[in-house]
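Participant: Build me a model from this:
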Amino acid sequence: MTQTASDLTFTLMADIGMPIRNLFLNPKRMMEEIAVLPGEKVLDFGCGPGVYTFMLADQVGEKGVVYALDVHPQALRRIEAGKRGGKYVQVRTILSDGATSLPDGTLDRVVCFDVFHLLEDPQRILREFHRVLKPQGTLYVNDHHLKDEDILAGVSGSGFFAVRKWYGKTFHFERA
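Facilitator: Modelled structure (predicted):
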């Protein structure tokens, strides 16, 4: 994942494109396809303006942590703005093209929604997911830009993950 969008392009995507997308791909329904529990540590990879980040934060509660990672600084500025007023203290931002800087085996879940198609080096990113997930952790991938078989082949073919189940349009992968 590399920064290719200008600030203007990001703003248009966040303020116009995503709301239109969300009319057809209901983020709340997508969140129902995954199992995130109170107290868990979750990575929202490619968080963008935080559509999923804040829903994840509500699910993990105050005792959990949501790491919002994106390559675009404006994405993280929007996340930080959403935290104003002391709400969502459990959300932490990471500016990166993929490296999390988190210790090994830190995360219970990684959420990779609508971003897998943008990865220039998916193997590097999947290796990082494998490294930071706990042994029983789960990787969730949902990307409407790709065919299901391409997601399955791209993630399972890495050797790092095996599909556990497919629920709705979201693949659930476990560490291989």
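Participant: Report the rounded mean pLDDT for stretch 154-169.
Facilitator: What stretch 154-169 shows for mean pLDDT is 93.
Participant: all strands in the chain, in order from the N-terminus.
Facilitator: Assigned by DSSP state E, the strands in the chain fall at 41-45, 65-70, 91-95, 107-113, 133-142, 161-167, 170-175.
Participant: and the last one, what other elements does it pack with?
Facilitator: Packed against strand 170-175 by the contact rule (3 or more Cβ pairs under 8 Å, 6 or more residues apart in numbering; DSSP states H and E) you find strand 133-142, helix 148-156, strand 161-167. Where C-beta positions appear, they are placed from N, C-alpha and C, glycine not excepted.
Participant: Next, format these as a markdown table and append distance to Gly86.
Facilitator: Output for the helices and strands packed on strand 170-175, formatted as a markdown table (distance: least, Cβ to Cβ, whole Å):
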| stretch | distance to Gly86 |
| --- | --- |
| strand 133-142 | 29 |
| helix 148-156 | 37 |
| strand 161-167 | 34 |
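Participant: Could you identify which of these is most buried?
Facilitator: With neighbours defined as mean count of other Cβ atoms under 10 Å, those peak in mean count at strand 133-142, which reaches a mean of 20.
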